[in-house]
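Give me a model of this one.
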Amino acid sequence: MINASTLSLLDAGFVPMRGVVTTVAVSKTAQGALVVNPSDEELETSEGMACFAFMFSDDNGPQDDCVWTSWRSLSGGSDETVVFEAQQLAKSQARAKNTLIRRHVARIFQVDVDLTVCRICIDI
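Got it, this is the predicted structure:
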């Protein structure tokens, strides 16, 4: 819902925003692997799941702050290391989403965007 809301505000045009918020879901499998955007089947067998929201802003230099975290352990406890690794994985995926969003908005409003501030290279 957060991603859809962000895109709606950006599409509206002249809504003042301090940055772009992007969310990523991550789960931890029974084997200990971290999975981005897990399927329903993966969630049913997961040991933990999380949603991370990051705000990307170019004010005072590029920023990518984690503004919200929700981690739920289904195995009776949580390891801070796993949560940190999940957050780092989510951040890299959120950066990629942010780059796609910036390109999309630039196309809609027919403006040039300096993608170097996104600090990630992806091929589209």
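
what about the chain, any weak spots by pLDDT?
Along the chain, the parts satisfying pLDDT under 70 run over 11, 13-14, 59-62, 111-124.

can you map out the strands along it?
Counting by DSSP state E, one finds strands in the chain at the ranges 20-28, 34-36, 48-57, 63-73.

Tell me where the protein has helices.
Secondary structure of the chain by DSSP state H: the helices cover 2-12, 40-44, 80-109.

Tell me how far the residue sitting nearest the centre point of the chain lies from Ser46.
When Cα atoms, centre = their mean is applied to the chain, the residue found nearest the centroid is Ala94 (2.9 Å). Distance from Ala94 to Ser46, counting by Cβ to Cβ, to the nearest Å: 20 Å. C-beta here means a position set from N, CA and C on the backbone, and glycine is covered the same way.

Deepest-packed of the helices of the chain, please.
Greatest average neighbour count among those goes to helix 80-109 (a mean of 16), per mean count of other Cβ atoms under 10 Å.

looking at the sheet around Thr69, what are its partners?
Phe52 (DSSP bridges).

I figured it hits Phe52, correct?
Yes: taking contacts as Cβ atoms under 8 Å, Thr69 lies within contact range of Phe52: 5.5 Å.

Overlap in contacts, these two.
Taking Cβ atoms under 8 Å, 6 or more residues apart in numbering as the contact rule, the neighbours common to Thr69 and Phe52 are Gln87.

quick one: which of the two has more around it?
With neighbours defined as other Cβ atoms under 10 Å, Thr69 and Phe52 compare such that Phe52 has more, 24 against 14.

For Met47, give me phi and psi.
No, residue 47 isn't Met; it's Glu. phi -100, psi -10 (degrees, to the nearest 10).

What's the local residue count around it?
By the criterion of other Cβ under 10 Å, Glu47 has 17 neighbours.

gap between the residue nearest to it when sequence neighbours are not counted and Leu34?
Spatial nearest neighbour of Glu47, excluding adjacent residues (Cβ to Cβ, 6 or more residues apart in numbering): Ser75 at 4.1 Å. Ser75 sits 14 Å away from Leu34, taking Cβ to Cβ as the criterion.

neighbour-wise, which of those two wins?
Set Ser75 next to Leu34 and count neighbours by other Cβ under 10 Å: Leu34 wins out with 18 against 11.
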